[in-house]
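[1] I would like to see how this sequence folds:
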Amino acid sequence: MSDTTSDNEFVVEIDLGELDWSTPAPWEDSPRAAAAPAPPATLTRAAPAPPAPEPVAITATALSLPPAFAEVVYHVEPESLRELVGATFARLLDAIAMLGRIEQALTRPRDLQVGRLFGEVRSQTVALLSQITEAVSGEAALGRRPREVLDGMRFVIGHELSKVFRHEFPGLTDESRASYSRADLSRAWGLLHNCLQQTAITLAQAFKPDVAGEHLFEDYKSKVENSFTLYRELHALLQKVSTAERSSGILLKHSLVRHLEHFREETMHFLMYKDWGEFGRYVDDVKRAFEEMEEFENVLHEFSQYLRTLIHHVGMREALRGVQAHAEAARE
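    Predicted structure coming up:
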């Protein structure tokens, strides 16, 4: 804070006549003519510097955030928006932390009692949606860009909540009503985790464009490895599809169907969550065509075209920059 008791307000006045200097001292090269008596002079100090800007007010919520997020919040103006962004990050990170507990539970043998934890995630995200809706619909001067970002967050989070808890996994929060496999629970976790993490990154980049996912989340670095694994496995799957297309034997076709089931259980979750449904439908189509042995080759051909497009999209991921050459070498 600026010091209002500073001496900068004082003015110093000196009357040179009082010092008995009737004439100023001449320069050596100056004419020797007598000089008129010097009038009293008044010397003043330079104008005081403008007060230093007040430090940015950081709320207790922002101070409780991880350093990378607190740094983003620090630069948000005005203060009312800074308060909102800090509170939004806090709710997002609380929900992501709860998803972390679900992930740990899913990695333990026979520990699938996670309905209550999913219920906590739903409650936290519903509260977050309520907060964002109030801010977007209220009179607060958010500015066009923050309002658009928050409104987009509201749509995406609401869509994923409905998709997970109403449509794909009804009864997920009630241990006595629904029994889901570990693969199902992992997919529900993946949908929510990917949505909330990407939402937090998008919000951060709205105020600090140069921030990256790996700066905000430690586990984001693992997405490079996951993307590389997915890229390699998709190429291997395409090779199996092409081989089955050319083969007239039943064993290679059966091997492909078994491989597809394994891929859906073990690797499909590395895809973007929006691609899971379409990929799953293609797998079901291939399995059905195999059982009926009608137009199996046509279904495989269509699936192979889809895989080529999907591989192209995966290869364009930012996480794969600089490693695609290595992926190609590994595939060969």
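
[2] burial check on Glu160, number of neighbours?
    Around Glu160 there are 18 other residues, counting by other CB atoms under 10 Å. Backbone N, C-alpha and C define where each C-beta goes, glycine included.

[3] quick one: it and Cys195, what's the gap?
    Glu160 is 4 Å from Cys195, where distance means CB to CB, to the nearest Å.

[4] kindly report the same for Ala206.
    With distances taken as CB to CB, Ala206 is found 17 Å from Cys195.

[5] repeat that for Glu148.
    Distance, Glu148 to Cys195, using CB to CB: 18 Å.

[6] pick out whichever of those two has more residues nearby.
    Neighbour comparison, Glu148 and Cys195: the larger count goes to Cys195, with 21 against 13 (by other CB under 10 Å).

[7] can you give me the buried ones in the one helix or strand that one maps to?
    Using DSSP states H and E, Cys195 sits within helix 182-207. Neighbour-count burial for helix 182-207 flags 185-197, 199-201, 203-207 (criterion: 16 or more other CB atoms under 10 Å).

[8] repeat that for stretch 120-136.
    Of the residues in stretch 120-136, 120-122, 124-125, 128-129, 131-132, 135-136 count as buried by neighbour count, 16+ other CB under 10 Å.

[9] again, but for stretch 79-97
    Under the neighbour-count criterion of 16+ other CB under 10 Å, stretch 79-97 has 81-96 buried.

[10] what about the helices in this protein?
    Here the chain has its helices, by DSSP state H, at 60-63, 67-74, 79-106, 115-137, 144-162, 182-207, 213-216, 222-246, 250-266, 273-292, 296-315, 324-331.

[11] other SSEs contacting the longest one?
    Other helices and strands packing on helix 79-106, by 3 or more CB pairs under 8 Å, 6 or more residues apart in numbering; DSSP states H and E, are helix 60-63, helix 67-74, helix 115-137, helix 144-162, helix 182-207.

[12] counting by contacts, list what the last one packs against.
    For helix 182-207, the contact count by 3+ CB pairs under 8 Å, 6+ apart identifies helix 67-74, helix 79-106, helix 115-137, helix 144-162, helix 213-216, helix 273-292 as packing neighbours.

[13] centre-most residue in this structure?
    For the chain, the residue nearest the mean C-alpha position is Ile201 (1.6 Å; CA atoms, centre = their mean).

[14] that residue against Pro209, yeah?
    No. Using CB atoms under 8 Å, Ile201 is not in contact with Pro209, being 11.5 Å away.

[15] what is the least confident helix or strand in the protein?
    Every helix and strand in the chain was compared by mean pLDDT, DSSP states H and E; the lowest is helix 324-331, with a mean of 49.

[16] tell me where the model's unsure across this structure.
    By pLDDT under 70, the low-scoring segments of the chain are 1-63, 111, 139-141, 176-178, 221, 273, 318-332.

[17] I'd like the distance between the residue nearest to Ala183 when sequence neighbours are not counted and Arg232.
    Spatial nearest neighbour of Ala183, chain neighbours left out: Glu265 (5.2 Å); criterion: CB to CB, 6 or more residues apart in numbering. Per CB to CB, Glu265 is found 17 Å from Arg232.

[18] who's in contact with Val299?
    Neighbouring residues of Val299 by CB atoms under 8 Å, 6 or more residues apart in numbering: 285-286, 289.

[19] of these, buried ones?
    For these, a neighbour count by 16+ other CB under 10 Å gives the buried set as 286, 289.

[20] so Asp174 is in contact with Gly115, correct?
    Yes. The pair Asp174 / Gly115 is scored as a contact, 5.8 Å apart, by CB under 8 Å.

[21] on that earlier part again, can you lay out the helices and strands packed on helix 79-106 as a markdown table showing distance to Arg281?
    A markdown table is the format used below for the helices and strands packed on helix 79-106 (distance: least, CB to CB, whole Å):
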| stretch | distance to Arg281 |
| --- | --- |
| helix 60-63 | 43 |
| helix 67-74 | 38 |
| helix 115-137 | 25 |
| helix 144-162 | 19 |
| helix 182-207 | 14 |
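
[22] before we move on, the earlier item: okay, the buried residues of stretch 120-136 in CSV with distance to Asp275 next?
    Output for the buried residues of stretch 120-136, formatted as CSV (distance: CB to CB, whole Å):
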residue, distance to Asp275
Glu120, 28
Val121, 22
Arg122, 24
Gln124, 26
Thr125, 22
Leu128, 25
Leu129, 25
Gln131, 30
Ile132, 26
Ala135, 32
Val136, 29
